[in-house]
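Q: here is the input, now give the coordinates:
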Amino acid sequence: MKLSICTDVFGKIPFTEMLDKVKAYGIDAVEMTAGGWGGCCFIPSAEELYKDEEKLRAFKAELEKRDMEISALNCSGNPLIDSPMGQMHSKTIHDTVLLAEKLGVKTIVTMSGLPAGAPGDKTPNWIVSTISWPEYEGFNYMAEAVKFQWETAAAWWKEFCGFARDHGVEKIAIEEFPGALVHNIRTFRKLCEVVGDELNGVLGLNLDPSHLMIQGADPVAAARALGDKIFYIHGKDARVERYLADVDGLLENLPVECSSERTWNYVAVGCGRDLQWWKEFFSVAKMAGYDGYVSLEMEDLTMSVEAGLATSIEALKDTISR
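A: Presented below is the predicted three-dimensional model:
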C-alpha cells in the first residue's frame, strides 16, 4: 500500500504550492477533487481542463516535475436528486470521467447520491428507519419511497457505469457515506445488484472506515466481507464521544463545528482507534487482496490542520501494510 492525500485540506493556495507541501510530507500521490461537493481548488473545472490541451499539458507537467501521481479523481456529490444541484453534480461526475481519460487516471471516487422520497420532491430523503410500518389503508409511504429511490439509482448508475467503462475508467470507488443511498456494505451490494452483472464489475467501494465506525459497524469485518470489491481506502478516523453517545446514541445531526456537543466526531488518525487497531485493519484489507492507495482525508476540527496532518501521516506511515 502507498500513501496519498485528499488535497482539499490545503484550501485555496496555488496548485504548485500544494504539490510542494505534499512532497514535503513525504507523499508522492494526490487525490484531487474535480467536481461535486469538494472545494475543487486545484481543478476548478474538469470540463475546462480536459478541453484545453495547453492547460492540460501544463497541469501534467507540474505533476511530472515532482514525480507525483494522481491516486484518484474525486467527484463526490448527489447526482440522483431532481434539482439544479443534482443536474450539476451529474454533469461534473461525467466530466470527471472525461478528464480521467485524458490524464490516464483509472480510479474515480464518488458517492452513490440520494434521491428524494417521491417523484416531484426536491429534497433528498435518507430513510434509515424500519420500513415495515407505519401503514395507512394498506399504503406504506416509506417502503414506496425506498422502492422509488432504488429505481432512480438503477437508471442513473446503469448509464454512468457504461459511460465510465467506455472512457477507460476501470474503478468507480463509491464512498459509503452516511446520508447517501449507499452507506454500508449491504446497500453497496444492493447497488451492484440493481446495476446488473454486465456493468457492476466497474463498481467497488472506497472503504472509509470512519463512516462505518460512526454507524456502529466494524470496518475490519467490512474489509473481510468486501474482498476484491475494495477499490480504494480513505485513511480517516472517527471517535464516538463517550458519555454523550451513551445517552443519545449515534444518530447525530448537529453541525460538525459543534465538536464538544456531538456524539461522534471525525478525528486525526490514531485519535479515535489506536494504532494496533489500524494495523489490523490494513492487514485484513491486504489479506482481502487490496494493495492500492490509502488516501488521507483530514477532517479533524478539534486541532489545527497542520497538527491533524502531521498526526495522521505519522500514524498511517506506522500502520499501513507495505
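Q: helix or strand with the lowest mean pLDDT in this structure?
A: Least confident element among the helices and strands of the chain, by mean pLDDT, DSSP states H and E: helix 46-51 (a mean of 92).
Q: who does that helix touch, helix- and strand-wise?
A: The contact analysis (3 or more CB pairs under 8 Å, 6 or more residues apart in numbering; DSSP states H and E) places helix 46-51 against helix 53-65, helix 84-103. Placement of C-beta: from N, CA and C, glycine included.
Q: quick check: angle from the last one to helix 53-65?
A: For helix 84-103 against helix 53-65, the angle between stretch directions is 70 degrees (axes from the mean of the first three to the mean of the last three CA atoms, to 10 degrees).
Q: so how far is helix 84-103 off the chain centroid?
A: Its chain's C-alpha centre and that of helix 84-103 lie 15 Å apart, by CA atoms, centre = their mean, to the nearest Å.
Q: which helices and strands sit right next to that helix?
A: Against helix 84-103 (3+ CB pairs under 8 Å, 6+ apart) you get helix 46-51, helix 53-65, strand 69-74, strand 107-110, helix 141-166.
Q: how does it look with 7 Å?
A: The elements that helix 84-103 packs onto, with contact taken as 3 or more CB pairs under 7 Å, 6 or more residues apart in numbering; DSSP states H and E, are helix 46-51, strand 69-74, strand 107-110, helix 141-166.
Q: give me the angle between it and helix 141-166.
A: Orientation of helix 84-103 against helix 141-166 (the same axes, to 10 degrees) gives an angle of 20 degrees.
Q: ok, and what's touching helix 84-103?
A: 34-36, 46-47, 49-50, 56, 60, 70, 73, 75, 77-80, 108, 110, 163-164, 167-169 (CB atoms under 7 Å, 6 or more residues apart in numbering).
Q: for residue 38, give me the pLDDT.
A: You'll see residue 38 listed with a pLDDT of 85.
Q: revised request: answer the last question for residue 131.
A: Predicted confidence (pLDDT) for residue 131: 86.
Q: thinking again about what came up before, and the contacts of helix 84-103, which of them are buried?
A: Buried by 16 or more other CB atoms under 10 Å: 34-36, 46-47, 49-50, 56, 70, 73, 75, 77-80, 108, 110, 164, 169, out of the contacts of helix 84-103.
Q: then the least confident helix or strand of the chain to CSV, C-alphas only?
A: Provided in CSV are the C-alpha atoms of helix 46-51 (Å, rounded to 0.1, in the frame of the first residue of the first chain):
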residue,chain,number,x,y,z
ALA,A,46,-12.9,19.3,-15.1
GLU,A,47,-14.5,20.3,-18.4
GLU,A,48,-12.2,23.3,-18.9
LEU,A,49,-9.1,21.2,-18.2
TYR,A,50,-9.9,18.2,-20.5
LYS,A,51,-10.9,20.5,-23.3
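Q: quick one: closest of the helices and strands packed on helix 46-51 to residue 119.
A: Each of the helices and strands packed on helix 46-51 has some distance to residue 119 by CB to CB; the shortest is helix 84-103, at 13.6 Å.
Q: can you check what angle separates that closest one from strand 69-74?
A: Using the same axes, to 10 degrees: helix 84-103 against strand 69-74 is 160 degrees.
Q: list the contacts for residue 269?
A: So residue 269 contacts 235, 237, 278, 311, 312, 315, 316 (CB under 7 Å, 6+ apart).
Q: can you pull the pLDDT of the fifth one?
A: In this case it means residue 312. We have a pLDDT of 98 for residue 312.
Q: so it touches residue 267, yeah?
A: No - using CB atoms under 7 Å, residue 312 is not in contact with residue 267, being 9.1 Å away.
Q: ok, the residue positioned nearest the centre of the chain - contacts?
A: Nearest to the geometric centre of the chain sits residue 175, at 3.4 Å (CA atoms, centre = their mean). By CB under 7 Å, 6+ apart, the contact set of residue 175 is 76, 109, 111, 206, 208.
Q: which of the residues you listed ranks first by neighbour count?
A: In terms of neighbour count, residue 109 stands highest of the contacts of residue 175 at 30 neighbours, by other CB atoms under 10 Å.
Q: would you map the strands across this structure?
A: With DSSP state E as the criterion, the chain has strands at 2-6, 29-33, 69-74, 107-110, 171-175, 203-207, 230-235, 237-240, 264-267, 293-296.
Q: which strands and helices lie in contact with the second one?
A: Just to be clear, that refers to strand 29-33. By 3+ CB pairs under 7 Å, 6+ apart, strand 29-33 packs against strand 2-6, strand 69-74.
Q: mind pulling up the pLDDT for the residue of the chain most remote from its centre?
A: Outermost residue of the chain with respect to the C-alpha centroid, by CA atoms, centre = their mean, is residue 137; its distance is 40.4 Å. If you check residue 137, the pLDDT there is 74.
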